[in-house]
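Participant: how would this look folded up:
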Amino acid sequence: MESEYAKYEIEDGLLFCFYKPGFVIDLAVAKSVVADRHRFSKGKCYAVVIDCRNLKVITKEAREYLSTYDGVRGIKSSAFIVKGNIQKLLINFFVRVHKPALPLKVFTGMDEAVSWIRRGAMVMH
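Facilitator: Okay, here's the model as predicted:
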């Protein structure tokens with residue numbers, strides 16, 4: 001499925017979200033992305049790989065919403081893929097402050113993110 005902001009795929013039991021280039025994720029966009037993910041997943045819970053490398057900015061309000069119950073509903077665990085260490089540092093700081101209620105880790109490469117999320121998904125079954 002493809003929406004205005006992201007492309008969604010399910011492969012081998014994992015949900016992949018690839019953000020499209022150039023968007024600022026504000027609160028309205030974050031709510032739209034979550035609604036799109038809920039529609040695509042049809043109520044099923046998934047381990048999710050989220051590719052953030054194309055994003056420009058995620059506002060504070062959007063980050064806070066994405067860490068709420070509604071923002072994480074339907075997600076077993078999340079692996080975020082970012083461009084580099086500065087993005088990784090910022091997300092890790094946010095995670096330490098907001099303490100999400102699910103396993104979450106940040107990576108700079110797809111292979112390591114998928115490997116981590118698959119190991120976690122195996123443990124959860």
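Participant: residues of stretch 59-77 that come out buried?
Facilitator: By neighbour count on 16 or more other CB atoms under 10 Å, the buried set for stretch 59-77 is 62-63, 65-67, 71-72, 74-77. In this view, the C-beta of every residue, glycine as well, is placed from N, C-alpha and C.
Participant: hmm, who's touching that stretch?
Facilitator: With CB atoms under 8 Å, 6 or more residues apart in numbering as the contact definition, stretch 59-77 has outside contacts at 24-27, 29-31, 34, 37-38, 41, 43-48, 58, 78, 94, 98, 100-104, 117, 120-121, 124.
Participant: again with stretch 35-48
Facilitator: Contacts of stretch 35-48 (CB under 8 Å, 6+ apart): 1, 3, 5-6, 8, 10, 13-17, 73-79, 117-118, 120-121, 124.
Participant: If we use 7 Å, what do you get?
Facilitator: Surrounding stretch 35-48, the residues in contact under the criterion CB atoms under 7 Å, 6 or more residues apart in numbering are 1, 3, 6, 8, 14-15, 17, 74-78, 117, 120-121.
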